[in-house]
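In: Here you go, sequence then predicted model.
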Amino acid sequence: MRLALYEPDIPQNLGAFIRLAACLATPLDIIEPCGFPVDDKRIRRAAMDYYPLARLRRHDSWVAFRRDRSPGRLVLLTTAGAVPLPQARFEADDTLLLGRESAGVPVEVHEAADLRVRVPLQEGARSLNVALAAAMVLSEALRQTDGYRHLA
């Protein structure tokens, strides 16, 4: 299981992703360009002292990510997803991809996804914070694939 973040806009959210990835021993792919310097002090503050535990892999572009990414399905978390989270079935080698906070992902990224998952929300709610959505879906994906077995 992996997390991937497409061109993040908000340094604090990237920090939250780093902490999530570190705590759950899940590799994190960062697809650049980011909307801020990746060495931003706000990232380290949000990641706290978990930064050294994280397994990060940076990709210069979407094309580089597609070329170099790990095998397995690409699962896009999107408000336009056809499959609601409770019905989604995950595989251990899935990469969970999340889009930019401000704009999601472009059409070409949607089309590249093998599965598009959405978190059901009450009527009138547009979306969750991207890091919160990642935590919810990653948790369910790890539960389904016995991904917690190696954690204390």
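Out: Alright, I've got the coordinates.

In: Tell me, how many residues neighbour Ala113?
Out: Applying other C-beta atoms under 10 Å, we find 18 residues neighbouring Ala113. For every residue, glycine as well, the C-beta is placed using N, CA and C.

In: wait, doesn't it sit right on Leu77?
Out: No: between Ala113 and Leu77 there is no contact under C-beta atoms under 8 Å: 9.5 Å.

In: tell me, what's touching those two both at once?
Out: Common contact partners of Ala113 and Leu77 (C-beta atoms under 8 Å, 6 or more residues apart in numbering): Leu97.

In: what's next to stretch 62-76, contact-wise?
Out: 2, 4, 6, 27, 29, 31, 59, 88, 90-99, 105, 108-110, 112-117, 141.

In: Quick check: end-to-end length of stretch 54-61?
Out: Start-to-end span of stretch 54-61 (C-alpha to C-alpha, to the nearest Å) is 21 Å.

In: where are the low-confidence patches of this protein?
Out: For the chain, applying pLDDT under 70 flags the ranges 40-47.

In: residues of the biggest helix by length in the chain that come out buried?
Out: Secondary structure of the chain per DSSP state H: the longest helix is helix 130-144. For helix 130-144, the neighbour count (16 or more other C-beta atoms under 10 Å) marks 130-131, 133-135, 137-138, 140-142 as buried.

In: would you list these in CSV and tack on distance to Val83?
Out: Shown next, in CSV, are these (distance: C-beta to C-beta, whole Å):
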residue, distance to Val83
Val130, 18
Ala131, 21
Ala133, 14
Ala134, 16
Ala135, 19
Val137, 11
Leu138, 16
Glu140, 12
Ala141, 13
Leu142, 18
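
In: which of these lies closest to Gln12?
Out: Ala131 (8.6 Å; C-beta to C-beta).

In: Isn't the closest one up against Pro11?
Out: No: Ala131 lies out of contact with Pro11 (C-beta under 8 Å); the separation is 11.7 Å.

In: List the contacts of the closest residue to Glu140 other than its chain neighbours.
Out: Closest residue in space to Glu140, ignoring its immediate chain neighbours: Leu85 at 6.3 Å, by C-beta to C-beta, 6 or more residues apart in numbering. Taking C-beta under 8 Å, 6+ apart, we find Leu85 in contact with 117-120, 136-137, 140.

In: Same check on Leu3?
Out: Going by C-beta under 8 Å, 6+ apart, Leu3 touches 17, 20-21, 26-29, 95-96, 98, 134, 138.
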